[in-house]
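Q: Mind folding the following:
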Amino acid sequence: MLLRNTLSSYRLPLDPSDADALGTNGAQAVERFLQHREGAAPTPLVSLPALARRLGVQSIYLKDEGQRLGLGSFKALGGAYAVVQLVLELASQQLGRPVDVSEWRSPQVAAVAGGITVTCATDGNHGRSVAQGAELIGANCVIFVHAGVSDERCRAIARYGARIERVQGNYDDSVATASSVASQRGWIVVSDTSWPGYERIPHLVMQGYTALLREALVALPKPPTHVFVQAGVGGIAAAVAAHFSHVFGSDRPFFTVVDPAKAACLLESAKAGQVVKVPHERPTVMAMLECYEPSLVAWRILSRVADAFMTVEDDEAIIMMKNLAYPVDGDPAIVAGESGAVGLAGLAKVAGDPALRAEIGLGADASVFLINTEGATDPMLYERLVGVRPEDVTARVRSKS
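A: The predicted model follows:
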């Protein structure tokens, strides 16, 4: 289903704290941090003209985060950035002077970082980013994972030196446990979701995501008319919506949030007009989006500037994974994980329904922006769902180039 957001038609302004963190100044701060990170480089913005013709739009541009900073996910930009910023702030306090990002590998900062433990709950990708940030700057790290997180994803987190703690239940249960344990032990929670009284660190995480948007806006031949972005707790969707609202103002593109049908916390919140926690019934294959309560900060932003909310089913997401792996008519092949192609699944669902197309003004002249939020972060699951190993898709791309 698709639900229009009547509040967005009033073009409500962003909260000043959201505009500050996720606007141009915030994005420039992230860019400066990335200048000091080894291996940092813009990810590809891929044009899909054949798919655009098939779906009846003028153009589709997909930002491929499957190659981001060795983690294969946009979340490489968020957790690691927040960890480093928090350590630099603590170092500034302890040293009695401002500590610049250019000093983040200094012995003085390392001494401060060594006395800090950062933690979070994760479905996989955010935890890897927090663990990577802790390893980069020398902090200790403990990551809480729920029962549904695969052993492969846990091993990927542990490679960065983090200690893994298993929690019975779902993602929300792991969030509660991480917060409780951190409070008892004096650890710093670096979460990508927020709740009353806990907003600044999730703001930092979301601020990290704005780097990919700055890259995209430089590479796009013209501003998009429509944007479809997948959502779990809503962090990436809200970062995109806020940044584009800040950059384009009243000329911003029509923005659609895409939820998994089995974990549609944002759509249900939009229906209710307030944050709603949805029941945990059946797990969704879109593991990185399996969240049952929105982030408070994300909801505040999306309730103001998202134009529509919709859901897609598991099989619709898998079909788009396959379509990207086996493109037609000359489009490049792309490795998209089970949560990576969900924005595309939303676009395809709307494009195939004349009533929905009319509802959001998706015409033949539409220029659509999407994000492949992750590559094959669980290669065994990818092969089972798509029927091909991710490295074989990558090899096919290289052979054509």
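
Q: Identify the residues contacting Glu293.
A: Counting by CB atoms under 8 Å, 6 or more residues apart in numbering, Glu293 touches 172, 193, 233, 265, 275-278. No exception for glycine: its C-beta is placed from N, CA and C like everyone else's.

Q: please redo it, this time with the cut-off set to 10 Å
A: By CB atoms under 10 Å, 6 or more residues apart in numbering, the residues touching Glu293 are 171-172, 175, 193, 195, 233-234, 263, 265-266, 268-269, 275-278, 299.

Q: Separate out the buried members of those.
A: Neighbour-count burial (16 or more other CB atoms under 10 Å) is assigned, among the contacts of Glu293, to 171-172, 175, 193, 195, 233-234, 263, 265-266, 268-269, 275-276, 278, 299.

Q: Let's see which of these end up in helices.
A: Members of the buried ones among the contacts of Glu293 lying in helices (criterion: DSSP state H): 171-172, 175, 265-266, 268-269, 299.

Q: Kindly reformat these as JSON lines containing pLDDT.
A: JSON lines is the format used below for those (pLDDT from 0 to 100):
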{"residue": "Tyr171", "pLDDT": "83"}
{"residue": "Asp172", "pLDDT": "83"}
{"residue": "Val175", "pLDDT": "89"}
{"residue": "Cys265", "pLDDT": "96"}
{"residue": "Leu266", "pLDDT": "97"}
{"residue": "Glu268", "pLDDT": "96"}
{"residue": "Ser269", "pLDDT": "96"}
{"residue": "Trp299", "pLDDT": "96"}
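
Q: re earlier: for Asn140, state which of the buried ones among the contacts of Glu293 is nearest.
A: Each of those was scored against Asn140 by CB to CB, and Val175 proved nearest at 19.9 Å.

Q: Distance-wise, check that closest one relative to Gly96.
A: As defined by CB to CB, to the nearest Å, Val175 lies at a distance of 35 Å from Gly96.

Q: Over to Phe244?
A: In terms of CB to CB, Phe244 sits 40 Å off from Gly96.

Q: Give the residue from those two that has the larger number of neighbours.
A: Higher neighbour count among Phe244 and Gly96: Phe244, with 24 against 6, using other CB atoms under 10 Å.

Q: check contacts around the more buried one.
A: Taking CB under 10 Å, 6+ apart, one finds 22, 213, 216-217, 223-224, 227, 229, 251-253, 255, 305, 369 in contact with Phe244.

Q: let's see it at 7 Å
A: The contact partners of Phe244, by CB atoms under 7 Å, 6 or more residues apart in numbering, come to 227, 252-253.

Q: Let's see which of those residues end up in strands.
A: Here DSSP state E is the test, and the contacts of Phe244 give Val227 as lying in strands.

Q: Please tabulate the contacts of Phe244 in TSV, including the columns pLDDT and distance to Arg128.
A: Output for these, formatted as TSV (pLDDT from 0 to 100; distance: CB to CB, whole Å):
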residue	pLDDT	distance to Arg128
Val227	98	26
Arg252	94	31
Pro253	96	30
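
Q: right, and out of the contacts of Phe244, which lies closest to Leu71?
A: Val227 (23.2 Å).

Q: So what sits opposite that closest one in the bridge?
A: Phe255, Phe369 (DSSP bridges).

Q: Distance of it relative to Asn140?
A: Going from Val227 to Asn140 by CB to CB gives 38 Å.

Q: pretty sure Ala325 is touching Val386, no?
A: Yes - Ala325 is in contact with Val386 according to CB atoms under 7 Å; the separation is 5.2 Å.

Q: so where do the helices sit in the stretch 251-400 of the chain?
A: Ranges of helices in the stretch 251-400 of the chain, per DSSP state H, counting those that start in this stretch, are 265-272, 296-305, 314-325, 342-351, 354-360, 379-386, 390-400.

Q: Out of those helices, which one sits most buried?
A: helix 342-351 (a mean of 26; mean count of other CB atoms under 10 Å).

Q: what's the average pLDDT for it?
A: Mean pLDDT, helix 342-351: 98.

Q: Pull the distance from it to the chain's centre.
A: Centre-to-centre, helix 342-351 and its host chain are 17 Å apart (CA atoms, centre = their mean, to the nearest Å).

Q: again, but for stretch 269-288
A: On the basis of CA atoms, centre = their mean, stretch 269-288 sits 17 Å off its chain's mean C-alpha point.

Q: Now do the end-to-end distance for it.
A: Distance across stretch 269-288, first residue to last, is 19 Å (CA to CA, to the nearest Å).

Q: swap in stretch 44-54?
A: Using CA to CA, the end-to-end distance of stretch 44-54 comes to 22 Å.
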